[in-house]
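here is a sequence together with a model predicted from it:
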Amino acid sequence: EAPGRPGLYRLLAWLSPGFPIGAFSYSHGLEAAAAAGTVHDRASLEARVAAIVTQGSGRVDADILRSAYRAAQDGDVAALDDANRRGIAYRASAELSLESAQQGAAFLATCLAAWPEAFVEAWAAPHPGPLPASGEREKMGKASSSVPSPRLRGEGQGEGGTDAVCHAAVFGAVAARAGIALDDALVGYLEAFAGNLVSAGLRLGIVGQTDGQRILAALEPVVARAAVAAMVRDPEDFGSATFAADLASMAHETQYTRLFRS
């Protein structure tokens, strides 16, 4: 472990493009915007990603991550459930809901397989009685993990199912239990989110590799400010306002030819 940076190794592993949650298959509606010509060069892609991070799903995810982190840090399963439900509900389109829920289920299952943690495992497979403290996983017995829960199977996304998992919520929970600092978790998550959108732009031919890196460099202070804002924002000031991106996501649901799932 890096001195003075608890959980740094795990944070880097969980945010790696190689972590198997299928992030590469989602464009967050960018594919429809590219087809319509509204995102067509470096400047328009940078503006689009910045808006989504600060005012769109990135803002929602940052607030959900913060709330889930604090809930898991306190061992408060009810508060964690509340954050997760809000993260699932506050999606502007069916595709965006699918994008969050499927990545959340994959992230949760992979983390528990490689880095098992008692509180998160108990939350993923609810059972009667109090949740065990960290380090007491062996006391839970085999029954709780013998059959995967709906959350681990990625079920419950339809019709407001409470077993669906919001990616930002489960990320915040596991980060808290791993001792990762909240500000590091927020910056890392938002940078990975922005990076995946820029990667989608590369694959759509909007920009090349070098311009993609120029966009990420320009977004560094944007992501930093978004993380700081999430840490101090009033929970009542929750929501998003990126109507063009939301409409693009809805249009993508019926787009004739597509590379991406969203």
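Right, received. Where do you want to start?

where does pLDDT dip in the protein?
1-4, 6, 126-162 (pLDDT under 70).

scan it for its longest helix.
helix 209-232 (DSSP state H).

who's in contact with whichever strand or helix holds residue 34?
Secondary structure assigned from DSSP states H and E places residue 34 in helix 30-36. Residues outside helix 30-36 that contact it (Cβ atoms under 8 Å, 6 or more residues apart in numbering): 39-40, 45, 48, 197, 200-201, 204-206, 244-245, 248-249, 251-252, 255, 258-260. C-beta: built from backbone N, CA, C; applies to glycine.

how does it look with 7 Å?
39, 48, 197, 200-201, 204, 206, 248, 251-252, 255, 258-260 (Cβ atoms under 7 Å, 6 or more residues apart in numbering).

what packs against the longest helix of the chain?
helix 42-55, helix 57-74, helix 182-203 (3 or more Cβ pairs under 7 Å, 6 or more residues apart in numbering; DSSP states H and E).

and among these, the most buried is which?
For the helices and strands packed on helix 209-232, the largest average neighbour count (mean count of other Cβ atoms under 10 Å) is found in helix 57-74, namely a mean of 24.

and that helix, what does it pack against?
By 3+ Cβ pairs under 7 Å, 6+ apart, helix 57-74 packs against helix 77-89, helix 167-177, helix 182-203, helix 209-232.

can you lay out those as TSV showing distance to residue 13?
Formatted as TSV, the helices and strands packed on helix 57-74 follow (distance: least, Cβ to Cβ, whole Å):
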stretch	distance to residue 13
helix 77-89	22
helix 167-177	11
helix 182-203	11
helix 209-232	20
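
what about the helix holding residue 34, distance to the chain center?
22 Å (Cα atoms, centre = their mean, to the nearest Å).

name the residues of it that are buried.
The neighbour-count check on helix 30-36 (16 or more other Cβ atoms under 10 Å) flags 30, 31, 32, 33, 34, 35 as buried.

do stretch 214-228 as well
215, 216, 219, 222, 223, 226, 227.

ok, residues contacting it?
42, 45-46, 49-50, 53-54, 58-59, 62, 183, 186-187, 190-191, 194-195, 198, 207.
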